[in-house]
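**Q** build me a model:
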Amino acid sequence: MVQVAAALLFALAAGLGITVILGMLKNNENAILSALLGEGAFPADTAPQSGPAPQKLTLRHSPARRDAPRRVRVSSPLQPALSRAA
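**A** Predicted coordinates:
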């Protein structure tokens, strides 16, 4: 009885996996097939082209935040590694 239930559960999982794979193929057929053929998701002629940035952006530095003093928290007094009795 347990073996029959395990076999049915396995068949259900396999069917669900095949359904998901077919759904993915239906939605992204062109991208998946071109990737499998070695072309990648974008064919060479329609691929996004990289180039130099149109303008250079510089970031502002905020010296007030960087120069602010930082407090050091001490939760408990430091104890020596060895006790005096040792």
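**Q** avg pLDDT for the helix ranked longest in the chain?
**A** Identified as the longest helix of the chain according to DSSP state H is helix 2-27. Averaged over helix 2-27, pLDDT sits at 93.
**Q** in the helix or strand following that helix, what counts as buried?
**A** On the C-terminal side of helix 2-27, the closest following helix or strand by DSSP states H and E is helix 29-36. Residues of helix 29-36 classed as buried: none (neighbour count, 16 or more other CB atoms under 10 Å). In this view, the C-beta of every residue, glycine as well, is placed from N, C-alpha and C.
**Q** C-alpha coordinates for helix 29-36, PDB please?
**A** In PDB, the C-alpha atoms belonging to helix 29-36 read as follows (Å, rounded to 0.1, in the frame of the first residue of the first chain):
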ATOM      1  CA  GLU A  29      10.200  29.700 -26.700                       C
ATOM      2  CA  ASN A  30      12.400  32.000 -28.800                       C
ATOM      3  CA  ALA A  31      14.800  32.900 -26.000                       C
ATOM      4  CA  ILE A  32      15.200  29.300 -24.800                       C
ATOM      5  CA  LEU A  33      15.700  27.800 -28.200                       C
ATOM      6  CA  SER A  34      18.200  30.400 -29.300                       C
ATOM      7  CA  ALA A  35      20.200  29.800 -26.000                       C
ATOM      8  CA  LEU A  36      20.200  26.100 -26.700                       C
END
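**Q** specify the angle between it and helix 2-27 in degrees.
**A** Between helix 29-36 and helix 2-27, the angle comes out at 100 degrees (axes from the mean of the first three to the mean of the last three CA atoms, to 10 degrees).
**Q** residues in contact with Met1?
**A** Counting by CB atoms under 8 Å, 6 or more residues apart in numbering, Met1 makes contact with nothing.
**Q** how far away is it from Leu8?
**A** According to CB to CB, to the nearest Å, Met1 stands 11 Å off from Leu8.
**Q** ok, Val20 next?
**A** The gap separating Val20 from Leu8 is 19 Å, by CB to CB.
**Q** same deal with Asn28?
**A** 31 Å.
**Q** the two: who's more crowded?
**A** Neighbour count, other CB atoms under 10 Å: between Asn28 and Leu8, Asn28 has more, with 13 against 10.
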